[in-house]
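Trainee: give me the fold of what follows.
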Amino acid sequence: MTDATTPADFRCGYIAIVGRPNVGKSTLMNTLIGAKVSITSRKAQTTRHRITGIQTLPDAQFIYVDTPGFQTRHSNALNKTLNKTVTGTLDSSDVILFLVEAGTFGEADQQVIDLLPKNVPVVLVINKSDRVKDKAVLLPFAQQVASKFDFAAVVPVSAKLRFQLDGLQNEIKRLLPENPPIFGEDDITDRSEKFLASEIVREKLFRFVGDELPYTSTVLIEKFEQEGNLRRIFAAILVERDGHKSMIIGNKGARLKEVSTQARLDMERLFGGPVYLEIWVKVKSGWADNEAGLRAYGYE
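Mentor: Numbering: from 1, shown residues only. Prediction:
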C-alpha cells in the first residue's frame, strides 16, 4: 500500500489487545479507531472472534486486534478455542496491550500475564481509571501490577471517556516497527459487512435479553443484498430451545423489535447508509447443532 507520499519513517504493525473478560478491550479498540467494529456488552466474553480495527494517521497505521477474553474458569471446547485464538495472536503481534481494570487484579489477570511473550513489547493499560474515586491509590496499584512483568510502558486510561488515549497511542507508535501501511487509509477493519452485521445483532441480543441467554445462541446472516446505498439484511437467531425463542421475542414481539431497531441503527451508522433488516428466531436442529454445520451455513 506504500506510495511516494508515505514518509520514509512511517510506522505500521499489529497491536494485540488482551486481558481477562470484561476489562474493556472492545470498547478501547472501537474508541481508538473511531468506529464500532467490535461488539460490547456488560455480559462478559461477548467477543468470540479475533477482530481487527484499523486506524491510519499521516505517519503511522495502527492495526488493532481485539481478542476474546482469556478463559480460566471452564475448559469446554469453545473456551479452549477462544484461548488458542488469544495465544496465537500474541505470538504474531508487534505490540501487545495488556488491559486490567483499575484497582482490580486477580488470578485471571495473572494467568494472562503468564502467557505474555518475552520477545514482544507489552504496554500495561490500566482501564476504567475514571471509576477510582481516590486517585491516590492508582499509583501504588500501577506499581504493584508493573512489578509482575517487564512492561515497555504503563498508561492509565478511560476508554469510555477517551482519557489518555492520545498518550497511549504515542507509546504504541514509539514501539511499532518502521513499515509501509498494509491497509488503505480509509479501511477501518478487515472483516466483511456481513460479519459485522451478525456481530451487531448478537450484541443487541445479549444487551436486551441479558444473562439468561446462553452463549450457544448464534446469529446467521441468511441473505445480504446491496442496491446502491441501501442494504437489505435477513438474519436468523439460532437458539437451543423454544423457551429461549420466547425469551427473545418477548411480549407481542416487543423485545425482538427492540433488538432489530437498535441493530439497524448501529448498522446504518457503521455502513453509512439505510438498512432494511429482518430478523427471525429459530430453534437449532440437526445440521445447526455442531460447529461444522454452522460453518457450512455461513457462520464465520
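Trainee: distance from the chain centre to stretch 107-121, please.
Mentor: 19 Å (CA atoms, centre = their mean, to the nearest Å).
Trainee: low-confidence ranges in the stretch 1-150 of the chain?
Mentor: 1-4, 39-50, 68-88 (pLDDT under 70).
Trainee: redo that, cut-off 50
Mentor: 43-48, 71-82 (pLDDT under 50).
Trainee: now do the strands in the stretch 1-150 of the chain.
Mentor: Here the stretch 1-150 of the chain has its strands, by DSSP state E, counting those that start in this stretch, at 11-18, 51-57, 60-66, 95-101, 122-127.
Trainee: tabulate those strands (TSV), appending distance to G250 and mean neighbour count.
Mentor: For the C-beta atoms, the positions are set from N, CA and C on the backbone; glycine is no exception. As requested, these are exported to TSV (distance: least, CB to CB, whole Å; neighbours: other CB atoms under 10 Å):
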stretch	distance to G250	mean neighbour count
strand 11-18	34	23
strand 51-57	29	21
strand 60-66	30	24
strand 95-101	32	24
strand 122-127	33	24
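Trainee: now render those as a markdown table, adding distance to F151.
Mentor: What follows is the strands of the stretch 1-150 of the chain, written out as a markdown table (distance: least, CB to CB, whole Å):
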| stretch | distance to F151 |
| --- | --- |
| strand 11-18 | 13 |
| strand 51-57 | 22 |
| strand 60-66 | 18 |
| strand 95-101 | 8 |
| strand 122-127 | 4 |
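Trainee: quick one, which of those strands is nearest to E203?
Mentor: strand 51-57 (11.9 Å; CB to CB).
Trainee: what about that closest one, distance to the chain center?
Mentor: For strand 51-57, the distance to the chain centre is 12 Å (CA atoms, centre = their mean).
Trainee: repeat that for stretch 106-114.
Mentor: Averaging C-alpha positions (CA atoms, centre = their mean) puts stretch 106-114 20 Å from its chain's average.
Trainee: of all the strands of the stretch 1-150 of the chain, which one is nearest I221?
Mentor: strand 51-57 (16.3 Å).
Trainee: go through stretch 230-238 and flag the buried ones.
Mentor: R231, I233, F234, A235, A236, I237, L238 (16 or more other CB atoms under 10 Å).
Trainee: hmm, who's touching it?
Mentor: By CB atoms under 8 Å, 6 or more residues apart in numbering, the residues outside stretch 230-238 that reach it are 193, 197-198, 201, 205, 217-226, 248, 267, 271, 273-284, 288.
Trainee: list buried residues within these.
Mentor: Among those, those buried by neighbour count (16+ other CB under 10 Å) are 193, 197-198, 201, 205, 217-221, 224, 248, 267, 271, 275, 277, 279, 281, 284, 288.
Trainee: now, those residues that are in helices?
Mentor: In helices, judged by DSSP state H, the following of these are found: E193, A197, S198, V201, L205, I248, M267, F271.
Trainee: of those, which is the nearest to D130?
Mentor: Using CB to CB, those come closest to D130 at L205, 28.3 Å.
Trainee: and the pLDDT at V283?
Mentor: At V283, the pLDDT value in this model is 87.
Trainee: list the beta-bridge partners for it.
Mentor: V239 (DSSP bridges).
Trainee: hmm, it is touching D242, no?
Mentor: Yes - contact criterion CB atoms under 8 Å: V283 and D242 qualify, at 6.1 Å.
Trainee: for stretch 116-125, measure first residue to last.
Mentor: 14 Å (CA to CA, to the nearest Å).
Trainee: residues in contact with it?
Mentor: Against stretch 116-125 from outside (CB under 8 Å, 6+ apart): 18, 28, 90-91, 93-100, 142, 145-146, 149-157, 168, 171-172, 175.
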